[in-house]
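Undergrad: give me the fold of what follows.
(one chain, ligands or ions: 1)
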Amino acid sequence: MDTAVQNESRFVHYRQRDDIGLIVIDSPPVNALGHGVRAGLMTALNEAVADAQVKAVVLTAAGRTFPAGADIREFGKPAQPPSLSEVIAAVESSGKLTVAALHGTAFGGGLELALGCDYRFAAVEAKLGLPEVKLGLLPGAGGTQRLPRLIGVAATLPIIVEGNPVPATEAKALGLVDALAEPGSSGDSFIDAALVYARSLLAEGAVKRPLGEMPVQQPDADLFESFEAKTRQRRRGFEAPLVCIESVRNAVALPFAEGLKQERALFEKLRDSAQSRAQRHAFFAEREVAKVPGLAKDTPTNPVAEAAVIGAGTMGGGIAMVFANAGIPVRLLDAQEEALERGLGVIRRNYEATAKKGRLTAAEVEERMALIRPTVSYDDLATVDLVIEAVFEDMELKKKVFAELDRVCKPGAILATNTSTLDVDAIAAATGRPESVLGLHFFSPANVMKLLEVVRGQATSDEVLATAMRLGKRVGKVAVAVGNCYGFVGNRMLHRRQSEAMLLVEEGAAPEQVDKVLTDFGFPMGPFAMSDLAGIDVGWRIRNERRKAGDPEAPEYNWLDAIAERGRYGQKTKAGVYRYEEGSRTPIPDPEVAQIIAEHVRSKGVAQRSIEDREILERCLYAMVNEGARILEEGIAVRALEIDVIWIYGYGFPVYRGGPMFWANEIGAEAVSAACSAFRAASGREVWQPAPLLARLAETGGRFGDL
Ligand code: T1G
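TA: All right, here's what the predicted structure looks like:
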């Protein structure tokens, strides 16, 4: 057998089982349909077709899943034939009855390959889906043309435009799957079941049914319009969802061959788009952050069978829910009984609200509540493996808590702080086990937000860091390892954006103008609507604390302080930067605030001017990027992709722009640094000292580190 064929057979095995040709794809980790797999499939299919004894072909995969899609790593490289579309067309036009046997996550090109088969057999635990839209793409191997022919347009649109997994049982009800294996059937028993199914089809005289030859049922007249209107609202700023709808429309309006051609053209346009490049970057970056540079892959980790949370407030309660949701028993400790009661009440109401939406049963609510065990006594923490402190942001209080934890917790227990700004090393120094102390910075609401900043202290051991990273994934978070500094990575950059936004308002921009520029960019909320949501009083008190403590870095008195002093704390007081009608969270610009700002500005003698949107965007975002360059320079984040993941998952940076560093890189480092320099010359302000950026660019040849 020549090497080419040998290579191809490396990924795809063909075995004849009496009258059935069995094709097994084997290309770990997810059987992605890379060139080797595609070529191997063609070879195996040709063997099956050439064998007169073979009446049917079963196409399946080894390992954990049927192909989870095209090989995303191949995008942007020269195409290598055969294309996936050619493989699927060969399957569809082969003279044999073809059956796809699906297990794991039959996603993207994998499901499209299965749609080229005449029948689909699935493990009951399998999930099917077309998640290309989450990569800024559309199903580019016939999915937008074949799926509507199989299950109709109404069922097709959500699958393609939202890109979410469809459980095999639901897929069967839709007609996407024809038969299900017995629960628990896997490996050889699953393949045997698929062979039995294929033989039953032959026995019934089942015939080929190429989807390409089937008509598309005409959908209801307003289906596309209403679905598109909903999509424009839900996926504001994204290009791919609308192009997905356009391609499904073509399935109804055009003959199959023409629809396929248009689909390919639309796919290539999306594949080469900035948005898809950004979303593919985000996809890989989210996985890369789990591999902490300098932390050996086989670093031993400690089991976390029982946890504890100190502080039953908003953050503490949310963190306790994170553990309960992952099935980990968790002690919730608060100094006061009534605070505990209140905290448990909030947790229960959260679960009941989820149950009301049908996402939890009443029994599951009780199971989770039972996992959260309240206590006022530190002695109850003697057996826990990990504690997360979530008390008020006061260093003295935290040091006291950690000294107590150090006294009562067993040797080796991990002591973590949820602080968002205080010094993790100073907290660690309050214990006799600094190697077991680190920051676990959850984002509010902790039970919803995906990001977890894992803050490594100077003394934190590799095992403790590895345990925390693994725990993050286990509780469904995107864990990113960062170094210890004021604000770590996310908040440190946020403070830069916030102070630039504050200055822009002082110089003449209205708060609502700044907010609109950033929401038009793609953020879910602007900085000042965010201040009102979080509560202006929180920052105002911290700034006052820092000024009282004589902190040289404490920000000077600003117009937000002037607003807070008037009792305008934000949504909680129905008035903050904006005002709010009763029962509404919609921010409404308030002339009283414009007055407060004008008085403050007059007292500072600042000359106001009208400010262009572009200046607002550049100053807010380049200030963040510049801080990101400093963070990379200091090693607080080792790679630019860590910063991108933090901002996408922690602060709503639009994923179709890839994160702050990727976005700046797409604009081009020279353009960014030129804007910074021009700005510094115009404003003369040190915050625009672009040195870190320029240093970084020089170092990395114009890129912000290995993206
Ligand atoms: N291509 C290349 N590598 C992939 C991959 C893919 N499609 N999917 C996963 N990987 C890698 C991933 O980077 C990681 O690598 C490892 O596999 C395990 O992944 C023509 C154009 C399948 C649900 O969008 O959703 O088909 O870090 O850590 O948590 O229309 O991976 O180990 O080196 O995520 O168990 C469409 C994307 C592609 C599915 C498994 N398909 N993948 O989750 O493991 S475009 C997708 C996933 C397409 C066609 C179009 C998940 C998963 P490493 P993992 P997991």
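
Undergrad: okay, CA-based contacts and neighbour counts for the rest of this
TA: OK.

Undergrad: need phi/psi at Glu258.
TA: When read as degrees, to the nearest 10, the backbone of Glu258 gives phi -70, psi -40.

Undergrad: now for it, how many residues are close by?
TA: 14 (other C-alpha atoms under 10 Å).

Undergrad: same check on Thr573?
TA: Neighbours of Thr573 using other C-alpha under 10 Å come to 13.

Undergrad: can you tell me how far it sits from Val37?
TA: Computed as C-alpha to C-alpha, to the nearest Å, the Thr573 to Val37 distance reads 61 Å.

Undergrad: repeat for Thr65
TA: Taking C-alpha to C-alpha, one finds Thr65 at 14 Å from Val37.

Undergrad: can you check Gly140 too?
TA: For Gly140, the distance to Val37 - C-alpha to C-alpha - is 17 Å.

Undergrad: quick check: closest non-adjacent residue to the residue in the stretch 301-450 of the chain that the ligand sits nearest to.
TA: Scanning the stretch 301-450 of the chain for the residue nearest the ligand gives Lys450, at 14.3 Å (criterion: C-alpha to the nearest ligand atom). Spatial nearest neighbour of Lys450, chain neighbours left out: Lys477 (4.7 Å); criterion: C-alpha to C-alpha, 6 or more residues apart in numbering.

Undergrad: can you count the residues close to the one you found?
TA: 22.

Undergrad: let me know the pLDDT of the residue in the stretch 601-707 of the chain that the ligand sits nearest to.
TA: For the stretch 601-707 of the chain, the residue closest to the ligand is Leu641, as judged by C-alpha to the nearest ligand atom, at 13.8 Å. For Leu641, the model assigns a pLDDT of 93.

Undergrad: quickly list the domain ranges of this protein.
TA: Domain assignment for the chain by automatic domain parsing gives 12-251, 307-482.

Undergrad: can I get those in CSV with distance to Tyr622 and mean pLDDT?
TA: CSV is the format used below for the domains of the chain (distance: least, C-alpha to C-alpha, whole Å; pLDDT from 0 to 100):
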stretch, distance to Tyr622, mean pLDDT
domain 12-251, 21, 96
domain 307-482, 21, 96
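
Undergrad: quick one, which of those is nearest to Phe488?
TA: Nearest to Phe488, of all the domains of the chain, is domain 307-482, at 6.8 Å by C-alpha to C-alpha.

Undergrad: what's the distance between that closest one and the middle of its chain?
TA: Averaging C-alpha positions (C-alpha atoms, centre = their mean, to the nearest Å) puts domain 307-482 22 Å from its chain's average.

Undergrad: quick one: end-to-end distance for it.
TA: Domain 307-482: ends 22 Å apart by C-alpha to C-alpha.

Undergrad: quick one: Thr98 is in a helix?
TA: No: remark: Thr98 does not belong to a helix; assigned using DSSP: H, G, I helix; E, B strand; the rest coil, it is strand.

Undergrad: and the gap between it and Gly129?
TA: 20 Å.

Undergrad: now do the contacts for the residue in the stretch 401-550 of the chain positioned nearest to the ligand.
TA: Proximity of the stretch 401-550 of the chain to the ligand (C-alpha to the nearest ligand atom) peaks at Lys473, 9.4 Å away. Residues in contact with Lys473 (C-alpha atoms under 8 Å, 6 or more residues apart in numbering) are Ala479.

Undergrad: on the three-state scheme, the residue of the stretch 601-707 of the chain closest to the ligand is what?
TA: Three-state assignment for Leu641 (three-state DSSP): helix.

Undergrad: surely it and Arg287 touch.
TA: No: Leu641 lies out of contact with Arg287 (C-alpha atoms under 8 Å); the separation is 10.1 Å.

Undergrad: more neighbours: these two, which one.
TA: Using other C-alpha under 10 Å as the criterion, Leu641 and Arg287 rank with Leu641 on top: 27 against 12.

Undergrad: chain neighbours aside, what residue packs nearest to Ala114?
TA: Nearest one to Ala114, counting by C-alpha to C-alpha, 6+ apart, is Ala100 at 5.3 Å.

Undergrad: export only the CA atoms of the longest helix seen in the chain, formatted as PDB.
TA: Scanning the chain for the helix with the most residues, using DSSP state H, yields helix 613-634. Taking C-alpha atoms only, helix 613-634 is exported to PDB below (Å, rounded to 0.1, in the frame of the first residue of the first chain):
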ATOM      1  CA  ASP A 613     -17.500  59.700  18.600                       C
ATOM      2  CA  ARG A 614     -14.200  58.400  17.100                       C
ATOM      3  CA  GLU A 615     -12.200  60.200  19.700                       C
ATOM      4  CA  ILE A 616     -14.300  58.700  22.500                       C
ATOM      5  CA  LEU A 617     -13.800  55.200  21.000                       C
ATOM      6  CA  GLU A 618     -10.100  55.500  20.600                       C
ATOM      7  CA  ARG A 619      -9.400  57.100  24.000                       C
ATOM      8  CA  CYS A 620     -11.500  54.500  25.900                       C
ATOM      9  CA  LEU A 621     -10.200  51.500  24.000                       C
ATOM     10  CA  TYR A 622      -6.600  52.400  23.300                       C
ATOM     11  CA  ALA A 623      -6.200  53.400  27.000                       C
ATOM     12  CA  MET A 624      -7.300  49.800  27.800                       C
ATOM     13  CA  VAL A 625      -5.000  48.300  25.100                       C
ATOM     14  CA  ASN A 626      -2.100  50.400  26.400                       C
ATOM     15  CA  GLU A 627      -2.700  49.100  29.900                       C
ATOM     16  CA  GLY A 628      -2.900  45.600  28.400                       C
ATOM     17  CA  ALA A 629       0.600  46.200  26.900                       C
ATOM     18  CA  ARG A 630       1.800  47.200  30.400                       C
ATOM     19  CA  ILE A 631       0.200  44.100  31.900                       C
ATOM     20  CA  LEU A 632       2.000  41.900  29.300                       C
ATOM     21  CA  GLU A 633       5.300  43.800  29.900                       C
ATOM     22  CA  GLU A 634       5.000  43.100  33.700                       C
END
